[in-house]
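S.K.: Could you work out the structure for the sequence below:
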Amino acid sequence: MTQLDMIADTIAKLEVSVEDAKELLAEPAAPTNQKATQKRSTSAPTNIGTRPKRTPSKAPRSKKAILLALVERKSGASMQAMMDATGWQAHSVRAGLTGLRKAGVDLERRINRKGASVYAAAQIAAPQ
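M.R.: Numbering: from 1, shown residues only. Model prediction:
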């Protein structure tokens, strides 16, 4: 299984929408300097030898992964939706789509009712 297949499988499970993609791109709050704000304790720490719990990541944060998630939806994605989700200009989105094509994603372009182009990953039948 290639890295692109693993990314595609992960994204297919997540069903990322444009709103979710915007949340993925939101930067976390700047870390504070906890050492400067903490008071020194005179008692011994009680959590020696324990590890902090790891929370699983929500989804991949790369813009390429976001583009892939958008075009893999059944309805595909319009140029404007991809621009909104990534923050890119149209020429950058087209370059990203070219990168997906070169990585082996079979893309098709359709025209929706409003006359706008919609890009979608072509459904490939599984070999029998």
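S.K.: pLDDT-wise, which helix or strand of this structure ranks last?
M.R.: helix 34-37 (a mean of 54; mean pLDDT, DSSP states H and E).
S.K.: what's the following helix or strand after it?
M.R.: Next along the chain after helix 34-37, taking DSSP states H and E as the criterion, comes helix 63-71.
S.K.: Buried residues in that next one, which are they?
M.R.: For helix 63-71, the neighbour count (16 or more other C-beta atoms under 10 Å) marks 63, 65-71 as buried. For the C-beta atoms, the positions are set from N, CA and C on the backbone; glycine is no exception.
S.K.: Likewise for stretch 86-94?
M.R.: Those buried within stretch 86-94 under the rule 16+ other C-beta under 10 Å are 86, 88, 93.
S.K.: My assumption is that the second one lies in a strand; please confirm.
M.R.: In other words, residue 88. No - Residue 88 is assigned coil when assessed by DSSP: H, G, I helix; E, B strand; the rest coil, not a strand.
S.K.: In contact with it: list those residues for me.
M.R.: Residues in contact with residue 88, defined by C-beta atoms under 8 Å, 6 or more residues apart in numbering, are 63, 82, 96.
S.K.: mind saving the C-alpha coords of the one helix or strand the second one maps to as PDB?
M.R.: Right, residue 82. In this structure, residue 82 is located in helix 79-86 according to DSSP H and E. Written as PDB, here are the backbone C-alpha positions of helix 79-86 (Å, rounded to 0.1, in the frame of the first residue of the first chain):
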ATOM      1  CA  MET A  79     -12.700  25.500  -7.700                       C
ATOM      2  CA  GLN A  80     -14.100  28.000  -5.200                       C
ATOM      3  CA  ALA A  81     -14.600  25.300  -2.500                       C
ATOM      4  CA  MET A  82     -11.000  24.200  -2.900                       C
ATOM      5  CA  MET A  83      -9.800  27.800  -2.800                       C
ATOM      6  CA  ASP A  84     -11.800  28.400   0.400                       C
ATOM      7  CA  ALA A  85     -10.600  25.200   2.100                       C
ATOM      8  CA  THR A  86      -6.900  25.800   1.300                       C
END
